[in-house]
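[1] Pasting the sequence and the predicted coordinates here, then a few questions.
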Amino acid sequence: MAQAQTLKATSNIVVRALGRSIDFTSDTTSSVRNWKLVLEARDDAASYVASNGDIHGALLDAAFMTLRDRLPEARNASDQDLAEAILAL
């Protein structure tokens, strides 16, 4: 139950932050590019989740870095939580 609540909270943080970033920085190419990278990592995130963390690609690693750099709330989230949050986008 606690893990489900953590996943829901992490997913909500990522989704809200993505929306805020696009709303406030739609004219900033680098910001949009960073969020695009997160969205493009969804296939890698699916592999990561399905393999319990054994399989992950370069896009997913870059997405983790982007999320942790841009979202203070994501800095303490596990890779598993972030991968599941990316899938929820």
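    Arrived safely. Numbering: from 1, shown residues only.

[2] Can you show me the strands along this protein?
    Remark: strands of the chain are absent; assignment by DSSP state E.

[3] Below-threshold pLDDT in it: ranges please.
    Applying pLDDT under 70 to the chain flags residues 1-33.

[4] For this structure, which segments count as helices?
    For the chain, the helices defined by DSSP state H occupy 2-25, 29-40, 42-50, 58-70, 79-88.

[5] Give me the residues contacting the fourth one.
    I take that to be helix 58-70. 14, 17, 21, 34-35, 37-38, 40-41, 43-45, 47-48, 74-75, 77, 79, 82-83, 85-86 (CB atoms under 8 Å, 6 or more residues apart in numbering). For every residue, glycine as well, the C-beta is placed using N, CA and C.

[6] ok, now with 7 Å
    14, 17, 34, 37-38, 40-41, 44-45, 48, 74-75, 79, 82-83, 86 (CB atoms under 7 Å, 6 or more residues apart in numbering).

[7] Next: the shortest one.
    Helix 42-50 is touched from outside by Ile55, His56, Gly57, Leu59, Leu60, Ala83, Glu84, Ile86, Leu87, with contacts defined as CB under 7 Å, 6+ apart.

[8] orientation of it relative to helix 58-70 in degrees?
    Put simply, helix 42-50 runs at 90 degrees to helix 58-70, going by axes from the mean of the first three to the mean of the last three CA atoms, to 10 degrees.

[9] Give me the buried positions along helix 42-50.
    Arg42, Asp44, Ala45, Ala46, Ser47, Tyr48, Val49 (16 or more other CB atoms under 10 Å).

[10] For the third one, give its distance to Leu59.
    With distances defined as CB to CB, to the nearest Å, the gap from Ala45 to Leu59 amounts to 9 Å.

[11] Over to the first one?
    Note on Arg42: its distance to Leu59, by CB to CB, is 9 Å.

[12] again, but for the last one
    Relative to Leu59, Val49 is positioned 14 Å away (criterion: CB to CB).

[13] Likewise for the fourth one?
    From Ala46 over to Leu59 the distance is 11 Å, taken as CB to CB.

[14] Buried only: go through the contacts of helix 58-70 for me.
    Neighbour counting by 16+ other CB under 10 Å classes 14, 17, 34, 37-38, 41, 44-45, 48, 74, 82-83, 86 among the contacts of helix 58-70 as buried.
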